[in-house]
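Novice: The following comprises the amino acid sequence and a computationally predicted model.
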Amino acid sequence: MTYIEGFIVAVPIANKDAYVDHATGFAPLIRELGATRMVESWSDDVPEGKVTDFRKAVQAKDDEAVVFSWFEYPDRAARDAANEKMGSDPRMKEMGAAMPFDGKRMIYGGFDTIVDERGSGTAGYTDGFVVPVPSEKKADYQALAQRMASKFKEYGAVRVLEAWGDDVPTGKVTDYWRAVQAQHGEEVVYSYIQWPDKATRNAGWARMMAADPEQSTPMPFDGKRMFWGGFHPILDTAAE
């Protein structure tokens, strides 16, 4: 199944155009190296959480937005081969020197897909999630995610993907583990729901909440440490 390299980045709002230009310039290289898709999404509806949230994850400043992005590969071997080539490609050094954001606060990691439900239509809005899940509850989480994905697809989602932490490094300043305050025995899940547009997304969530207003389905993880948000696409190579 698809292997995901997932990123969360804090970008100065004033640098949005520069970031889009930077990502657009990087897209041909990452595809050349083996990625099948690259998506970059700019924060739109990102709530502040009491325990965790997207902004806390990357220590975002008041004048910064959060970008939720990912590369898709056929498998981990393709991802690893791409990363190895990047390390010796002179174009990467040039792009790294011109990044319009603080790379030290960027979060990244490799995730192995456990659910991938696809509907019809073109993606135009993304819900992103990061979740800490006990390793021993992986099967329970996957079963729940599969059921939820079918519902979201029924309510208009274009794609629902859930990916289990596989190669998630520890960072000096930020990382996924700190972002969800991961405890011993937990893994990190990187997930997204893509919708045709924000209106469909809002209607889909309304239907989901109406179907289970008390959220009575047992959650095999600590929901207080899960965080989520809505993002507008600024680059999607699948649409090119």
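Specialist: Received, thanks. Residues are numbered from 1 along each chain as shown.

Novice: Show me which helix or strand of the chain is least confident by mean pLDDT.
Specialist: helix 90-97 (a mean of 82; mean pLDDT, DSSP states H and E).

Novice: Now do it: which elements does it pack against?
Specialist: For helix 90-97, the elements it packs on are helix 16-32, judged by 3 or more Cβ pairs under 8 Å, 6 or more residues apart in numbering; DSSP states H and E. For glycine as for every other residue, the C-beta is placed from the backbone atoms N, C-alpha and C.

Novice: And the contacts of the helix it packs on?
Specialist: 11, 38, 40, 42, 65, 67, 69, 71, 82, 89, 91-92, 95, 98-101, 234-235, 237 (Cβ atoms under 8 Å, 6 or more residues apart in numbering).

Novice: which one is Gln181 nearest to, not counting chain neighbours?
Specialist: Setting aside the residues directly before and after it, Gln181 is nearest to Arg225 in space (Cβ to Cβ, 6 or more residues apart in numbering), at 5.4 Å.

Novice: hang on, that neighbour packs against Lys50?
Specialist: No: taking contacts as Cβ atoms under 8 Å, Arg225 lies outside contact range of Lys50: 10.2 Å.

Novice: From the chain's centroid, how far away is stretch 55-74?
Specialist: Remark: stretch 55-74 is offset 8 Å from the chain centroid, using Cα atoms, centre = their mean, to the nearest Å.

Novice: try stretch 107-118
Specialist: The answer for stretch 107-118 is 8 Å, by Cα atoms, centre = their mean.

Novice: how about Gly127, what does it touch?
Specialist: Heads up, residue 127 is Asp, not Gly. By Cβ under 8 Å, 6+ apart, Asp127 lies in contact with 192-195, 201, 228-231.

Novice: Which member of those is positioned nearest Arg118?
Specialist: Gln194 (9.2 Å; Cβ to Cβ).

Novice: And the helix or strand hosting the closest one, what does it pack against?
Specialist: Assessed by DSSP states H and E, Gln194 sits inside strand 186-195. Strand 186-195 sits against strand 64-73, strand 107-118, strand 125-134, helix 138-154, strand 159-167, helix 176-179, helix 198-211, with contacts defined as 3+ Cβ pairs under 8 Å, 6+ apart.

Novice: outside of the shortest one, which residues touch it?
Specialist: When contacts are defined by Cβ under 8 Å, 6+ apart, helix 176-179 is touched by residues 8, 52, 56-58, 107, 109, 130, 165, 168, 170-171, 182, 188, 190, 227.

Novice: ok, how many other residues are close to the residue lying closest to Gln194 once chain neighbours are set aside?
Specialist: In this structure, Gln194 finds its nearest non-sequential neighbour in Ala123, 3.9 Å apart by Cβ to Cβ, 6+ apart. Counted with other Cβ atoms under 10 Å, the neighbours of Ala123 add up to 21.
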